[in-house]
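*Asks:* here you go, sequence then predicted model.
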Amino acid sequence: MIGLLLTGFGDSVYTRAVRMALAEKELAYEFTDVNPFEEDGQAALLGHHAFGRVPVLRHYAFELYETAAILGYLEDGFDGPGLTPKGAKARARMRQVMGIVDAYVYWPLVRQVFGHAFYRPAVGIEGEPDVIAAGLAEAPRALDALEEIASAGLVLTGREVTQADCMLLPMIDAFTCVPEGRAMVEARPGLAHWYQSVSVRPSAQDTRPAIMGKGLSHG
């Protein structure tokens with residue numbers, strides 16, 4: 001028993017990133033599903049996450065939040081397949097992708113495009129067209145940066161999974177639920193090859209939120 005407890009929201013891309021890493025490292029864990037957008041969810045997170053978000057990882061008495069920190073802890077603290085590439089340049093690129101994901105991918109691709117064009121309609125809430133348009137306008141800049149990195153061949157190759165793959169795949173998978181998002185990804189051959197390779201792995205398939213199979217999209 002390795003005492004791992006993950007608290008997260010099943011529909012969250014960041015929660016899915018940690019679950020993918022746990023699966024890739026072949027680590028057993030308990031999962032508690034908490035919706036941070038609901039009052040009960042915020043109550044459950046009180047004292048565990050200073051900002052009331054998910055995911056939170058508990059390892060016996062040690063508790064940790066922020067997805068990149070959790071992924072690093074799983075990599076450094078446990079045996080199993082490695083999620084860090086060999087070589088200083090490849091490791092630097094991995095961290096660069098993780099930074100791009102947090103700073104430039106999550107908001108336009110997930111919160112704006114996926115959230116308003118797919119997720120909201122799936123739960124019976126109307127999305128805002130202006131928000132979708134803003135996300136689609138911003139997305140190419142982030143995708144072009146990822147395409148350049150994928151094409152260089154150090155990371156995002158589809159041949160091995162790193163911490164960067166675990167963070168990025170849930171967001172690209174969500175974005176491609178929207179036809180315009182899928183077209184943008186498919187127009188970038190390096191990124192498209194990476195996505196096609198990683199999205200079929202058991203770690204990706206087994207953690208895919210059920211809602212992604214029943215949402216609606218615009219266009």
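*Replies:* That came through fine.

*Asks:* remind me, longest helix of this protein?
*Replies:* helix 129-152 (DSSP state H).

*Asks:* export the next helix or strand after it as PDB, just CAs?
*Replies:* Toward the C-terminal end, the helix or strand that comes next after helix 129-152 (DSSP states H and E) is helix 163-175. The C-alpha trace of helix 163-175 is given here as PDB (Å, rounded to 0.1, in the frame of the first residue of the first chain):
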ATOM      1  CA  GLN A 163       5.100  14.800 -17.800                       C
ATOM      2  CA  ALA A 164       4.500  17.200 -20.700                       C
ATOM      3  CA  ASP A 165       2.400  14.700 -22.600                       C
ATOM      4  CA  CYS A 166       0.200  14.100 -19.500                       C
ATOM      5  CA  MET A 167      -0.500  17.800 -19.100                       C
ATOM      6  CA  LEU A 168      -1.100  18.500 -22.800                       C
ATOM      7  CA  LEU A 169      -3.100  15.500 -24.000                       C
ATOM      8  CA  PRO A 170      -6.300  16.300 -21.900                       C
ATOM      9  CA  MET A 171      -6.300  19.800 -23.200                       C
ATOM     10  CA  ILE A 172      -5.800  18.900 -26.900                       C
ATOM     11  CA  ASP A 173      -8.300  16.100 -26.500                       C
ATOM     12  CA  ALA A 174     -10.900  18.500 -25.200                       C
ATOM     13  CA  PHE A 175     -10.100  21.100 -27.900                       C
END
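
*Asks:* now for the protein, the helix or strand with the poorest mean pLDDT.
*Replies:* The weakest-scoring helix or strand in the chain, judged by mean pLDDT, DSSP states H and E, is helix 39-45 (a mean of 94).

*Asks:* flag every buried residue along it.
*Replies:* 41, 44-45 (16 or more other C-beta atoms under 10 Å). Every C-beta, even on glycine, is put in place using the N, C-alpha and C of the backbone.

*Asks:* between the residues you listed, which is nearest Gly127?
*Replies:* Gly41 (21.9 Å; C-beta to C-beta).

*Asks:* so the longest helix of the chain versus helix 163-175, what angle?
*Replies:* Between helix 129-152 and helix 163-175, the angle comes out at 140 degrees (axes from the mean of the first three to the mean of the last three C-alpha atoms, to 10 degrees).

*Asks:* what's the average pLDDT for helix 129-152?
*Replies:* Here helix 129-152 scores 98 as its mean pLDDT.
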